[in-house]
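> whatever this is, show me its structure:
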Amino acid sequence: TTQQDKSEENVHCPLFQKPKPKISASRRLFLKVFYVKKAMTLLESEKQVRKDERERILSERVPSLQLSGLSLQDLQNLCKELHQKIDVVDEERYDIASKVSKNDMEIQDLSQKIYELKGKMKRPNLKRVRVSADAMLGALLGAKVKESVDFKANLKTVKKEEEKVREVTDWRKNVESMSGMEGRKKLFDAGQ
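Modelled structure (predicted):
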């Protein structure tokens, strides 16, 4: 009951109550809908501006072709000129793409160096990979080792010693022969 009393006190205590919003829920909903509609109209107008600008730039750079009244030779010459222009544009596009990729790599390297200098290096999760001995040697030594290395040929051969097999005899005979002073002498001689 004491905890129940405390929870009831917390409900009535002004420190634990949520502050009331300054605007009503209906007004908040109206504003949200209004801003979404406004953003949609701005987005549509931005798309239209981009489309108009693209058409204007294309009309400036690529004039419309006058194909009527041209002979076959003139059409072939025009096609050759267009192919040459396409080749030049492709070369420029390739050069720009290579510069962009080089700059991206440079940016990535520099950002990695900055991150390392800050000292917050995060260790990547490594995957367990099964690699054969030949593949590991190839990776370590490079292209120097092309044929597989026979490890067993380099190992020394070791002969196993045969274990001494004790003869199994009747224990009673052994006890009788070992009893007395003669038996103790035999044990002493066997130990040396």
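
> got the domain ranges for the protein?
Taking the TED database as the reference, the chain has its domains at 22-64, 67-122.

> can you give me the helices in the protein?
Ranges of helices within the chain are 2-12, 25-61, 72-118, 133-141, 151-154, 171-178, 180-191, based on DSSP state H.

> in contact with Lys118, which residues?
Shown in contact with Lys118 (CB atoms under 8 Å, 6 or more residues apart in numbering): no residues. Heads up, the C-betas are built off the backbone N, CA and C, glycines and all.

> so where's the protein shaky on pLDDT?
Along the chain, the model assigns pLDDT under 70 to residues 1-17, 120-122, 142-154, 156, 159-188, 191-192.

> roughly how far does Leu82 sit from Val88?
Using CB to CB, to the nearest Å, Leu82 is found at 11 Å from Val88.

> Pro63 now?
17 Å.

> before we move on, what about Phe30?
For Phe30, the distance to Val88 - CB to CB - is 56 Å.

> Ala70: neighbour count?
No Ala there; residue 70 is Leu. 13 (other CB atoms under 10 Å).

> chain neighbours aside, what residue packs nearest to it?
Leu78 (7.1 Å; CB to CB, 6 or more residues apart in numbering).

> gap between that neighbour and Val62?
13 Å.

> Glu91 too?
Taking CB to CB, one finds Glu91 at 18 Å from Val62.

> over to Val129?
For Val129, the distance to Val62 - CB to CB - is 53 Å.

> cool, and Ala133?
62 Å.

> same question for Leu72.
Distance from Leu72 to Val62, by CB to CB: 23 Å.

> about what we covered before: more neighbours: Leu78 and Val62, which one.
Leu78 (14 against 9).

> check the gap between that one and Asp189 for me.
In terms of CB to CB, Leu78 sits 120 Å off from Asp189.

> for Gln108, same thing?
Gln108 is 84 Å from Asp189, by CB to CB.

> now swap in Glu116 and tell me
According to CB to CB, Glu116 and Asp189 sit 77 Å apart.

> go on, Leu29?
Applying CB to CB to Leu29 and Asp189 gives a distance of 111 Å.

> got it, and Pro124?
72 Å.

> CA atoms only for stretch 89-100, dumped as CSV, please.
Listed in CSV are the C-alpha atoms of stretch 89-100, where the atom choice follows Å, rounded to 0.1, in the frame of the first residue of the first chain:
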residue,chain,number,x,y,z
VAL,A,89,32.3,13.7,-75.3
ASP,A,90,32.9,10.1,-74.3
GLU,A,91,36.6,10.8,-73.7
GLU,A,92,35.8,13.8,-71.6
ARG,A,93,33.2,11.8,-69.6
TYR,A,94,35.7,9.0,-69.0
ASP,A,95,38.4,11.5,-67.9
ILE,A,96,35.9,13.3,-65.5
ALA,A,97,34.7,9.9,-64.1
SER,A,98,38.3,8.8,-63.4
LYS,A,99,39.1,12.1,-61.7
VAL,A,100,36.0,11.8,-59.6
